[in-house]
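> One predicted model, sequence on top.
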Amino acid sequence: MAEDAGNLELHGQFADLAIDNKRFAINHYPDIARGLSQSDQYDVVCYGHDHVLHEEQIGKTQLLNPGEIMGRLGKRTFMIYDTVNRDVTITEFE
């Protein structure tokens, strides 16, 4: 369905993106994301499999899990990452 929408880009199981001179890795699984963050190749690594809100600095890399926006297992949260100053804003909502 997402492919048919035509207004987004699918990256498969792994995305390696350059945005505002920052290098991002995105993967679903926390163990893979942690390994990527320890490689020192990325500024930001994001994952989401366990639905647990998480923010951690590992060397130069920020390891981020925005939690879950649907609130199925707990709090409803999302993150916004500022590529200029590297700030993460976490928003929780009803």
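That came through fine. Numbers count the residues shown, from 1 in each chain.

> Can I get the strand or helix carrying D16 in CSV? Just the C-alpha atoms.
In this structure, D16 sits in strand 14-19 according to DSSP states H and E. Only the C-alpha atoms of strand 14-19 are listed here, as CSV (Å, rounded to 0.1, in the frame of the first residue of the first chain):
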residue,chain,number,x,y,z
PHE,A,14,18.0,-0.3,6.5
ALA,A,15,18.3,3.4,5.5
ASP,A,16,21.6,5.3,5.4
LEU,A,17,20.7,8.9,4.8
ALA,A,18,22.5,12.2,4.7
ILE,A,19,20.4,15.2,5.9
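
> Taking strand 14-19 as reference, get the angle to the helix or strand just after it.
Next helix or strand after strand 14-19 toward the C-terminus (DSSP H and E): strand 22-27. Orientation check (axes from the mean of the first three to the mean of the last three C-alpha atoms, to 10 degrees): strand 22-27 against strand 14-19 gives 160 degrees.

> Pull up the pairing partners for strand 22-27, direction included.
strand 14-19 (antiparallel), strand 44-46 (parallel) (DSSP bridges).

> For stretch 42-62, which outside residues touch it?
If you take C-beta atoms under 8 Å, 6 or more residues apart in numbering as the criterion, stretch 42-62 is touched by 22-30, 32-34, 36-38, 40, 63-68, 72-75, 77, 79, 81, 86, 88, 90. Quick note: C-beta positions are derived from backbone N, CA and C, even for glycine.

> Buried residues of it, list them for me.
42-48, 51-53, 61-62 (16 or more other C-beta atoms under 10 Å).

> can you give me how far the strand or helix carrying L63 is from the chain middle?
L63 belongs to strand 61-65 when assigned by DSSP H and E. Computed by C-alpha atoms, centre = their mean, to the nearest Å, the chain-centroid distance of strand 61-65 equals 7 Å.

> Paired strands for it, with orientation please.
strand 44-46 (parallel), strand 54-58 (antiparallel).

> before we move on, back to that, outside of the strand holding D16 itself, list whatever touches it.
Here strand 14-19 has contacts from 11, 23-27, 83, using C-beta under 8 Å, 6+ apart.
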